[in-house]
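J.: Have a look at this prediction, sequence included:
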Amino acid sequence: MPEPNMYRYDEFDAQFVAERVAQFRGQVARRLTGELTEDQFKPLRLMNGLYLQLHAYMLRIAVPYGTLSSRQMRKLAHIARQYDRGFGHFTTRQNLQFNWIRLVDVPDILSELASVEMHCIQTSGNCVRNITADQFAGATPEEIEDPRPLAEIIRQWSSLHPEFVFLARKFKIAVGAAAHDRAALQWHDMAVQVVKNQAGRAGYKVTAGGGMGRTPYIAHVMREFVERADILAYLEAVLRVYNQDSRRDNIHKQRIKILINTIGVEEMRRRVDIEFDEIKRAGTLQLPQAELDRITAYFAAPKFETLPDAMPKGDADFEAWKKTNIHRHKAPGHAIATISLKAIGQVPGDASADQMDAIAELMDEYSLGEIRVTHEQNLVLPHVRQRDLPTIFARLKAIDLATPNAGLITDIIACPGLDYCDLANARSIPIAQSIARKFADLDRQHDIGELKIKISGCINACGHHHAGHIGILGVDKKGVEFYQLQLGGSGAEDASIGDILGPAFGEHEIADAVERVVTVYLKERNAGERFLDTYRRLGMAPFKAAAYQEKAAA
Amino acid sequence: MAAPVSHMLTANRLKDGDVLYWKSGGWVLRLAEGDVFAEEKAAEAALASAQADVTGNKVVAPYLFEVRLENGVIRPVKEREIIRAAGPTIRPDTGKQAAASPAMAGEVPVAALADAKGGGGRNA
Amino acid sequence: MTKLLKGGAFAADAFAPVADDAPLPDGGAVVSLSRFEKERENLLARNAPLGVRLKSDENPMRLGDDVHRLSLVVLEFPKFRDGRAFSWARMLRTRFGFKGEIRAVGDFLYDQINYQHRVGFDAWEVPDDFKLEDFARALTEMTNVYQPSTDGKKTIRELRAAR
């Protein structure tokens, strides 16, 4: 079995996770005897990723910067079979969730995860969450460098950070290193982008204050250039100001986006700089180049075979899949292959245990044992040989994972919604399915081109609807599910917040409304324009008119 | 005109998260078997009794929810409770709705509490 | 009721809490920040140990250099979710170099004690039935740490470099 080039636990990491498992085992025991009340236990179980949802406990497993080995994928398949209902859900933060977990099994599940260097630490709770990154990291020719070594360093620094485990709210950090933002950096509480200064020296641009939810915001630039050695000091400074100065009186006003937009980015920078200077002077958080090099070595580029660029051709199905699901790799003769978890009519982001095992085989045979999870709920084989693509495609087809729709209208992000989630107001998955069925025709999909639909079942926006080219928010109107339409959002480097179109649509109206909106685009677009571009050029008016015309014409 | 609203009492079992419904001082898995309270006072009394199972670390988060009699069947008013009782609508092979699930066996209730049962209307 | 945990043992409390409108006792006294700000001269002139109690939204910067004339700072946890005092303790130890007692009071979890200890708390107002072995366990459940803090504990990075 090939071992991918990714971070590997040493004895310290292994001990950390093992002790954390023992600690949680003790906490579960104390909960069952009542020594801990539910109120006291809840923050503890949340910080180990355990929610109580609509049907059962839900366990969220950390997949740091979306990177998994085949050994880990097989373990996830095993856990799905042994402890759950035989499937898992890949999330909008590159993690994996199981929906049917029993509290009494969790310590054993955590033990099993620890055996493959995995855990559930800080995947929930008011603390720093999973560090996410570009799913093409280490494979794309676009990046300045692989962002994952820095993501790993941030992960370690933020793990059970004693000052920041009881923040005002959750804190999400993303890392990128390419101009094309595949990690939605500007929608994060804080993000780090690898950049080069005038002198050509690499450093970090730090942004903060992005966020979804009730009040969406695009992030502000906190610093254009932070020296490599100073990055942890700067991040700690931002977190310190947030922990000290955020409101604690109104749960809807406690994300860092609210703080920055209340006091203004200039004042935020001023406060952060005070802390930053102090931390730097103390010197304890400086990141030596040797340490950065040491961590970077774990992610060293594999020895790619020397191959000529020669993209194979195949039948119409294969060609369609190539068109959307294959991206350029930095090594000639290689490719990045996206596995869509959005088969028409299936649950977005779900994979069965059998599929996971089959994927693990593909990882071993064709991708140097490695896979990535994307925040759009798909998977990516980062290092495949072009000549293997037809075989990979055939193998994926056999397990219903060859849908050629990456980035197209049926590649929909949907949160679990009211089918699973205790917080939801409406179901989101059936809406995704109905839209996908409506647009199933592949020729039509290709004609429409890039169109990102994102659906959330409540205002918490786990489906990222604010960043959808078409965003849909499920709401509850007098006990009936309704769906609000937003247009023009983006999660890429051209980040923007979608505009609410108007009154919400009923469950059986929303897919038709989406179709009418798409029809406007097809009619009005200029050559080369995506849906998003046409919307930005024309504004809301023609789309709004079309969306509501049926109601008027009725 | 809609049938009058009654209430039922639900909670999650602490150790495994199973959704439970109050019945005669105990808990069952199937909504159809749970007590229906036509009177608010009886509902509140059951909720109060259920607190013992909270402090006894058997269940978490008990709460009352609205149900109506529709076509001879007790049905929750809210979509959320319908889904909670049955399982995810998009995976009919999972949850309580999955007919072959051993979890459908239900539980033997502990000794009934005197005033826990509400008025009739359940088995019309 | 509560008892004081300090230096790894249960201890007598050398400080009497004093309400804003109550007369000051002869010995150690703890007053609110607002009282301290109003009666600073008199309080500091007393020939007895003085403590100030901060609410979770009261930044120790308001004490300024006066903090060095205090023997005790009490930091409140109104709800365990309110984690501001973790930063206040760190600030007192690191920015001010405060060497006196930093005491945690209010609604905090046993499971927060380790984090509190790391950021500079050295005393805890705990429930009467709190067991000493729980305190010892809290501090040893996680052997190693990834990030530096006020406690000066060697980080995993430093341990790696040392091997």
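T.: Looks like it arrived, so ask away.
J.: if I look at C:Met61, how far off is chain A?
T.: C:Met61 sits 10 Å away from chain A, going by Cβ to the nearest Cβ, to the nearest Å. To be clear about C-beta, it is placed using only N, CA and C from the backbone, and glycine gets the same treatment.
J.: The closest residue to that residue other than its chain neighbours: which element?
T.: Distances taken as Cβ to Cβ, 6 or more residues apart in numbering or on different chains place C:Met91 nearest to C:Met61, at 7.6 Å, with adjacent residues excluded. C:Met91 belongs to helix C:84-94 when elements are defined using DSSP states H and E.
J.: quick check, distance from that helix to the centre of its chain.
T.: The chain centre lies 9 Å from the centre of helix C:84-94; the measure is Cα atoms, centre = their mean, to the nearest Å.
J.: Report the next helix or strand after the longest helix along chain A in sequence order.
T.: In chain A, with assignment by DSSP state H, the single longest helix is helix A:11-33. Downstream of helix A:11-33, the next assigned helix or strand under DSSP H and E is helix A:38-46.
J.: name the helices or strands packed onto that following helix?
T.: On a contact count with 3 or more Cβ pairs under 8 Å, 6 or more residues apart in numbering or on different chains; DSSP states H and E, helix A:38-46 meets helix A:11-33.
J.: what's the helix it packs on in contact with?
T.: By Cβ atoms under 8 Å, 6 or more residues apart in numbering or on different chains, the residues outside helix A:11-33 that reach it are A:9, A:36, A:38, A:41, A:44-45, A:48, A:103-104, A:106-107, A:110-111, A:114, A:117, A:119, A:121, A:159-160, B:14-15, B:57, C:111, C:141-144, C:146, C:156, C:159-160.
J.: can we see that at 7 Å?
T.: With contact meaning Cβ atoms under 7 Å, 6 or more residues apart in numbering or on different chains, helix A:11-33 is reached by A:36, A:41, A:44, A:48, A:103, A:106-107, A:110-111, A:114, A:119, A:121, B:15, B:57, C:141-144, C:156, C:159-160.
J.: Grab the nearest non-local neighbour of the residue in chain A that chain C sits nearest to.
T.: Chain A approaches chain C most closely through A:Phe166 (2.6 Å), counting by Cβ to the nearest Cβ. Of all residues not flanking A:Phe166 in the chain, C:Gly83 sits nearest, at 2.6 Å (Cβ to Cβ, 6+ apart).
J.: so how many other residues sit close to the one you found?
T.: Neighbours of C:Gly83 under the rule other Cβ atoms under 10 Å in any protein chain shown: 27.
J.: Sticking with the residue nearest the centre of chain B, tell me its helix or strand.
T.: Chain B has B:Tyr21 as the residue nearest its centroid, 2.7 Å off, counting by Cα atoms, centre = their mean. Per DSSP H and E, B:Tyr21 falls inside strand B:19-23.
J.: Not counting its neighbours along the chain, what's nearest the one residue in chain B that gets nearest to chain C?
T.: Chain C sits closest to B:Thr55 of chain B, with a gap of 16.8 Å, by Cβ to the nearest Cβ. Once flanking residues are discounted, B:Thr55 sits nearest to A:Gly34: 7.1 Å by Cβ to Cβ, 6+ apart.
J.: Looks like the one you found contacts B:Asn57 (just checking).
T.: Yes - look at A:Gly34 against B:Asn57 with Cβ atoms under 7 Å: they come within range, at 4.3 Å.
J.: between the two, what contacts are shared?
T.: The contact sets of A:Gly34 and B:Asn57 do not overlap (Cβ under 7 Å, 6+ apart).
J.: other SSEs contacting the lengthiest strand in chain B?
T.: With residue count as the measure and DSSP state E as the assignment, chain B has strand B:59-70 as its longest strand. On a contact count with 3 or more Cβ pairs under 7 Å, 6 or more residues apart in numbering or on different chains; DSSP states H and E, strand B:59-70 meets strand B:6-13, helix B:40-55, strand B:73-76.
J.: Next, the buried residues of the second one.
T.: Right, the one you point to is helix B:40-55. Neighbour-count burial for helix B:40-55 flags B:42-43, B:45-47, B:49-50, B:53-54 (criterion: 16 or more other Cβ atoms under 10 Å in any protein chain shown).
J.: Repeat that for the last one.
T.: Buried residues in strand B:73-76, counted by 16+ other Cβ under 10 Å: B:74, B:76.
J.: Quick one: distance of that strand to the chain centre.
T.: Distance, centroid of strand B:73-76 to centroid of chain: 11 Å (Cα atoms, centre = their mean).
J.: cool, and the longest one?
T.: Average the C-alpha atoms of helix B:40-55, do the same for its chain, and the two points are 13 Å apart (Cα atoms, centre = their mean).
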